[in-house]
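**Q** Dropping a prediction and its sequence here:
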Amino acid sequence: MTLIRCAWANPANPRYLNYHDDEWGIPCHDENRLFEMLNLEGAQAGLSWETILNKRENYRAAFDGWDPEKIARYDEAKVAELLANPGIVRNRLKVAAAISNAKAYLALREQGLTLDQYLWAFVDGKPIVNRWAKGERPARTELSDRISKDLGKRGFKFVGSTIVYAYMQGIGMVDDHDVACFRHAKG
């Protein structure tokens, strides 16, 4: 039996299918993955998600397993190393954003909040389950606008509303699987 998936899930790329089947739209409460995905969604700006997903392991290695304490201490030598790394997107603003995001993440923690607590409070701890037909899902919403604005005030970078909405989908705050998809409302 062939599984019906969202139209965007590229059947020729096993990484993409695994991402669709095992991550996208599934509630995530793991701090490390939440931080990783925030940065990867920002890195994707202007590119395809598939490009970033194909480089994901390279990103993990280059950014010390997405350890915010290490990333917050990156110096110019480390930035130069990252900008010379062909395994990631070599964009100075995106690399700088990851460092800023690590500092903002640590500041959030100093306020007694985890990224998990902070984010999921916007949806009262429950994912929003939408019922989109193929191709109907929006690029941003009023909620992503609100979260984007708040993240920006807290010092996070590359967190525009469209990026934040994609992030919300990726970490399962929003289930935007097509209604015909086998993953829809499965959490």
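**A** Nice, thanks for sending it over.

**Q** Burial check on the nearest residue to A7 once chain neighbours are set aside, number of neighbours?
**A** Leaving aside its chain neighbours, A7 sits nearest to K134 (5.2 Å; criterion: C-beta to C-beta, 6 or more residues apart in numbering). For glycine as for every other residue, the C-beta is placed from the backbone atoms N, C-alpha and C. Neighbour count of K134, defined by other C-beta atoms under 10 Å: 12.

**Q** mind checking the SS state of K134?
**A** Three-state call for K134 (DSSP: H, G, I helix; E, B strand; the rest coil): coil.

**Q** just checking, it touches R5?
**A** No: using C-beta atoms under 8 Å, K134 makes no contact with R5, being 10.7 Å away.

**Q** which strands and helices sit next to the host helix or strand of K70?
**A** K70 belongs to helix 68-71 when elements are defined using DSSP states H and E. Packing partners of helix 68-71 (3 or more C-beta pairs under 8 Å, 6 or more residues apart in numbering; DSSP states H and E): helix 92-110.

**Q** which residue sits closest to L83 in space, ignoring its chain neighbours?
**A** R90 is the one closest to L83 (C-beta to C-beta, 6+ apart), at 5.0 Å.

**Q** Check what pLDDT the one you found gets.
**A** Model confidence at R90, given as pLDDT, is 97.
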